[in-house]
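Novice: Could you look at this predicted model? Sequence included:
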Amino acid sequence: KQEVTQIPAALSVPEGENLVLNCSFTDSAIYNLQWFRQDPGKGLTSLLLIQSSQREQTSGRLNASLDKSSGRSTLYIAASQPGDSATYLCAVYETGANNLFFGTGTRLTVIP
Amino acid sequence: KAGVTQTPRYLIKTRGQQVTLSCSPISGHRSVSWYQQTPGQGLQFLFEYFSETQRNKGNFPGRFSGRQFSNSRSEMNVSTLELGDSALYLCASSSHVYGGGETQYFGPGTRLLVL
């Protein structure tokens, strides 16, 4: 069964700092990997989607990488801002399945 | 385009009652998935519907059921509510044009509290 783990569970950084969030998954037979952001009590906002054939995706200050063979993905956030404070979730879409397997999330706090 | 909408946004029920939650996907999206989010278990997949057919089901008891209508709107039902069913229920839609794995767009969720 696919298991997705995110480290660290929580992270506090001062404003302006660059940071990396980590995601690992146990089964490399994935179709794609998606990073989401969730604000307290709210739904999920899709940030980036990386297809299994891709190595990375970029959107503004966000860059996500994927190493399928080692079962790892990272989300890099450049020049963090207080508005980036949220829980970040990664999820993998398994080949042959029709659902996402979610990680445990990293709660990010950016201190002004 | 309007996003995924879910109704109601908040719900309070008592043990033993049943509840129905509704989800309207993004226009043109035919796949609707449901997830349960709790502090202890995180986000867990409930089921997925495509063109009115359930294609995949997570590991939840039969008290959890769903359906999809011809306009792609979906409902999920939980019967005989238990305290542990208190959670945020999220619905997601995708276009599913290329055979799976497209970006999933989530609604704001329905927060269910069972007393």
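Specialist: Right, received. Where do you want to start? In this text, all values refer to a predicted model and were calculated from it rather than measured experimentally.
Novice: Find out how far stretch A:84-103 is from the centre of the chain, if you would.
Specialist: 8 Å (Cα atoms, centre = their mean, to the nearest Å).
Novice: which non-adjacent residue is nearest the residue most central in space within chain B?
Specialist: Geometric centre of chain B, nearest residue: B:W34, 3.0 Å, by Cα atoms, centre = their mean. Excluding the flanking residues, the one nearest B:W34 by Cβ to Cβ, 6 or more residues apart in numbering or on different chains is B:L46, at 4.1 Å. Every C-beta, even on glycine, is put in place using the N, C-alpha and C of the backbone.
Novice: Same check on B:A92?
Specialist: B:Q104 (4.2 Å).
Novice: give me every residue that touches the one you found.
Specialist: Taking Cβ atoms under 8 Å, 6 or more residues apart in numbering or on different chains as the contact definition, B:Q104 lies against A:34, A:46, A:100, B:33, B:92-94.
Novice: do the same with B:C23
Specialist: Contacts of B:C23 by Cβ under 8 Å, 6+ apart are B:4-6, B:32, B:34, B:73-76, B:91, B:93, B:107.
Novice: swap in A:L75?
Specialist: A:20-21, A:23, A:35, A:47-48, A:62-64, A:88, A:90.
Novice: So which residues on chain B come close to chain A?
Specialist: B:4, B:31, B:33, B:35, B:42-45, B:48, B:50, B:55-56, B:58, B:88, B:90, B:92, B:100-101, B:103-109, B:111 (Cβ under 8 Å from any Cβ of the partner chain).
Novice: following the helix or strand where A:Y88 lies, which helix or strand shows up next?
Specialist: For A:Y88, the host element (DSSP states H and E) is strand A:86-94. Sequence order places strand A:100-102 as the next helix or strand after strand A:86-94, per DSSP H and E.
Novice: so does that following strand get close to chain B?
Specialist: Yes. Legend: contact between strand A:100-102 and chain B by Cβ under 8 Å from any Cβ is shown at A:100-102.
Novice: Show me what the helix or strand following that strand is packed against.
Specialist: Next helix or strand after strand A:100-102 toward the C-terminus (DSSP H and E): strand A:106-111. With contacts defined as 3 or more Cβ pairs under 8 Å, 6 or more residues apart in numbering or on different chains; DSSP states H and E, strand A:106-111 has these neighbours: strand A:10-14, strand A:19-25, strand A:86-94.
Novice: Can you find the helix or strand in chain B with the smallest mean pLDDT?
Specialist: The weakest-scoring helix or strand in chain B, judged by mean pLDDT, DSSP states H and E, is strand B:53-57 (a mean of 89).
Novice: Using PDB, list the CA coordinates for that one.
Specialist: Extracted in PDB, the C-alpha atoms of strand B:53-57 (Å, rounded to 0.1, in the frame of the first residue of the first chain):
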ATOM      1  CA  THR B  53     -20.300   5.100 -12.000                       C
ATOM      2  CA  GLN B  54     -18.200   4.500  -8.900                       C
ATOM      3  CA  ARG B  55     -14.800   3.600 -10.200                       C
ATOM      4  CA  ASN B  56     -12.800   3.300  -7.000                       C
ATOM      5  CA  LYS B  57     -13.600   3.000  -3.300                       C
END
